[in-house]
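In: Sequence below, structure please.
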Amino acid sequence: MDRLTRNSYPGILCGIAILILTGLPGSLLPSVKPVIGLDKVVHILMYATFAFLCLWGYRKQFIDNGVGYRKRAIWLAIIISIAYGGLTEIIQETIVPGRTGDWFDFLADSIGTGIGALVFYLFFHRKK
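Out: The predicted structure follows:
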């Protein structure tokens, strides 16, 4: 197995987990009184983790290739994460029974993506 490909597995697995969770039919979800904002916090955390793990994979690939970390990788991870958030909301609205797509969920996904990218940037690029 190629070492470069292996570095992408955490981001890929996180993306699969997000797809499974957002693809669960509404009838399988617990019917509890929702805590205001908890749903959005979950979206933010999921996509912050997803963006961070995508960036982690890109970082390792570029370092291992000997060309150094490329700043455009951060934009690629942001675009992928935001697009994936939009795609999961469309899937919920059009395919998954008992679920609806929500613009505010998409906004929370996008905010989470930004937070994940910011944490990655601060963690790996702070000046010494």
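In: any residues touching the helix or strand containing residue 111, and which ones?
Out: In this structure, residue 111 sits in helix 103-125 according to DSSP states H and E. Applying C-beta atoms under 8 Å, 6 or more residues apart in numbering, the external contacts of helix 103-125 come out as 39-41, 43-52, 55-56, 59, 69, 74, 77-78, 81-82, 84-86, 88-89. The C-beta positions use only the backbone N, C-alpha and C, and glycine is treated the same way.
In: now that helix, how far from the centre of its chain.
Out: 8 Å (C-alpha atoms, centre = their mean, to the nearest Å).
In: Ok, stretch 18-28 next?
Out: That offset, for stretch 18-28, works out to 16 Å (C-alpha atoms, centre = their mean).
In: Output the helix or strand where residue 87 lies as CSV, restricted to C-alpha atoms.
Out: In the assignment (DSSP H and E), residue 87 maps to helix 72-94. Extracted C-alpha coordinates of helix 72-94, given in CSV (Å, rounded to 0.1, in the frame of the first residue of the first chain):
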residue,chain,number,x,y,z
ARG,A,72,-3.3,25.6,-2.0
ALA,A,73,-4.0,22.3,-0.2
ILE,A,74,-5.8,24.3,2.5
TRP,A,75,-8.1,25.8,-0.1
LEU,A,76,-8.7,22.4,-1.7
ALA,A,77,-9.7,21.0,1.6
ILE,A,78,-12.0,23.9,2.3
ILE,A,79,-13.7,23.6,-1.0
ILE,A,80,-14.1,19.8,-0.7
SER,A,81,-15.5,20.2,2.9
ILE,A,82,-18.0,22.9,2.0
ALA,A,83,-19.1,21.1,-1.2
TYR,A,84,-19.5,17.9,0.8
GLY,A,85,-21.6,19.7,3.4
GLY,A,86,-23.9,21.0,0.6
LEU,A,87,-24.1,17.6,-1.0
THR,A,88,-25.1,15.9,2.3
GLU,A,89,-27.9,18.5,2.7
ILE,A,90,-29.1,17.9,-0.8
ILE,A,91,-29.1,14.2,-0.2
GLN,A,92,-31.1,14.6,3.0
GLU,A,93,-33.6,16.8,1.2
THR,A,94,-34.1,14.6,-1.9
